[in-house]
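> Fold the following and give me the result.
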Amino acid sequence: MPIIAAILGGFVVALGWYRTGHLNRANNIHLKRLDYRIKALESFLPVWREIQKDGGALNRADVIEKLATARESFHLYGTQGDIDLIEKLVTAIEAKDLNAANEALPPLVNLIKQGVRGELQIVA
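Okay, here's the model as predicted:
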């Protein structure tokens, strides 16, 4: 009888170790995904700063380059909704459609604000 209890105890301990390892791995993956998502959202901030400073910023090559970098980050790490918003803005800028760009910008800025705050669980 004691041998059965020892085997059963060992089995329970091994199962606990396995479960803990699995949960730790899932948590690590979640945290890494969170880091990359925040990085993608933050990649738009340099573009947003330039737009706020200068109304004609979207015609400058350095801002277009920053927008391209943000677009790459959104495609790599963003959700489909994120990608749709950045693509809407990029399409409007490429078409030189200022009204469409002005329509596309507020939802994207709101996504950045709410996305970063939401991911970091900041109540504002």
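> drop to CA atoms for contacts and neighbour counts, all remaining ones
Noted.
> Report all helices and strands that the longest helix along the chain contacts.
For the chain, the longest helix by residue count, based on DSSP state H, is helix 2-42. Using 3 or more C-alpha pairs under 8 Å, 6 or more residues apart in numbering; DSSP states H and E, the elements in contact with helix 2-42 are helix 61-77, helix 98-119.
> Of those, flag the one that's most buried.
helix 61-77 (a mean of 18; mean count of other C-alpha atoms under 10 Å).
> List the buried residues in the next helix or strand after it.
For helix 61-77, the following helix or strand on the C-terminal side (DSSP states H and E) is helix 80-94. Within helix 80-94, the residues scored as buried using 16 or more other C-alpha atoms under 10 Å are 82-83, 85-90, 92-93.
> circling back: will you turn the helices and strands packed on helix 2-42 into TSV that also has mean pLDDT and distance to residue 8?
Shown next, in TSV, are these (pLDDT from 0 to 100; distance: least, C-alpha to C-alpha, whole Å):
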stretch	mean pLDDT	distance to residue 8
helix 61-77	91	45
helix 98-119	88	42
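> Need these in CSV (columns: distance to residue 47).
Shown next, in CSV, are the helices and strands packed on helix 2-42 (distance: least, C-alpha to C-alpha, whole Å):
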stretch, distance to residue 47
helix 61-77, 6
helix 98-119, 11
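> For residue 29, find the nearest of those helices.
Closest approach to residue 29 among these (C-alpha to C-alpha): helix 61-77, 13.5 Å.
> chain center to that closest one, what's the gap?
Centroid separation for helix 61-77 versus its chain: 14 Å, with C-alpha atoms, centre = their mean, to the nearest Å.
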